[in-house]
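1. Mind looking at a prediction? Sequence and model below.
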Amino acid sequence: MTALRLLIALVLFAAPPGLAQAQTWQPRPGAPAIDPHRYQAEQHRFEMERLRAQAEQREAFARQLEIEARISRQRIEAARPPEPVLPPALRALRSPEEERTLRLSASERRAATAADTGQIDAWLDRPHD
C-alpha cells in the first residue's frame, strides 16, 4: 500500500512539469529556435526607447541650463550699480534779440504749417458729387 501511495505521489509531482513542457511551443526540427524578424524588431524597439530617453535627458539638461543662465543674468543685473540720475539740461542762455527772432521764426513756421493744413482740410471737406 505504501508503494502505491509512493507511486501516486511521484506521478502527481512529476506530471505538472511534464504538462507544462508539453504546452510550450517547439520549433520544427531544423528551424532556428528564435524568429530573426521578431528579434530585429525587439532590437529596434529597444534602440528607439534608448534614443527617446536620451533625447528627453538632453531636453531636461537644456532646460536646466537655460534656467541657470536666466538666474545668473538676473543676479548680475541685480548686482549692477544703478545708473546715475542726470539732472535735466539747462536751457541755453540767449540774448533778448535772439529769443525774439527764434519766437518769430517759430510763429512763421506754425503759420505756414497751418496754411498748408488748411488747404488739405478744405480739400478733404469738399462736397462729394
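-> Structure received.
2. what about the helices in this protein?
-> All helices of the chain, identified by DSSP state H, fall at 2-23, 36-79, 96-124.
3. who does the last one touch, helix- and strand-wise?
-> Here helix 96-124 is seen to pack against no other helix or strand when contacts are counted using 3 or more C-beta pairs under 8 Å, 6 or more residues apart in numbering; DSSP states H and E. Using the backbone N, CA and C atoms, a C-beta is placed for each residue, glycine as well.
4. Relative to the whole chain's centre, how far out is it?
-> Averaging C-alpha positions (C-alpha atoms, centre = their mean, to the nearest Å) puts helix 96-124 56 Å from its chain's average.
5. now stretch 3-13
-> Worked out by C-alpha atoms, centre = their mean, stretch 3-13 lies 70 Å from the chain centre.
6. Alpha carbons only: can I get it in PDB?
-> Once non-C-alpha atoms are left out, stretch 3-13 reads as follows in PDB (Å, rounded to 0.1, in the frame of the first residue of the first chain):
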ATOM      1  CA  ALA A   3       4.300   1.500  -2.600                       C
ATOM      2  CA  LEU A   4       1.100   2.500  -4.300                       C
ATOM      3  CA  ARG A   5       1.000   5.800  -2.400                       C
ATOM      4  CA  LEU A   6       4.600   6.400  -3.300                       C
ATOM      5  CA  LEU A   7       3.800   5.800  -7.000                       C
ATOM      6  CA  ILE A   8       0.800   8.100  -6.900                       C
ATOM      7  CA  ALA A   9       2.800  10.900  -5.200                       C
ATOM      8  CA  LEU A  10       5.600  10.500  -7.800                       C
ATOM      9  CA  VAL A  11       3.100  10.800 -10.600                       C
ATOM     10  CA  LEU A  12       1.400  13.900  -9.000                       C
ATOM     11  CA  PHE A  13       4.800  15.600  -8.500                       C
END
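7. Please consider this matter closed, and thank you.
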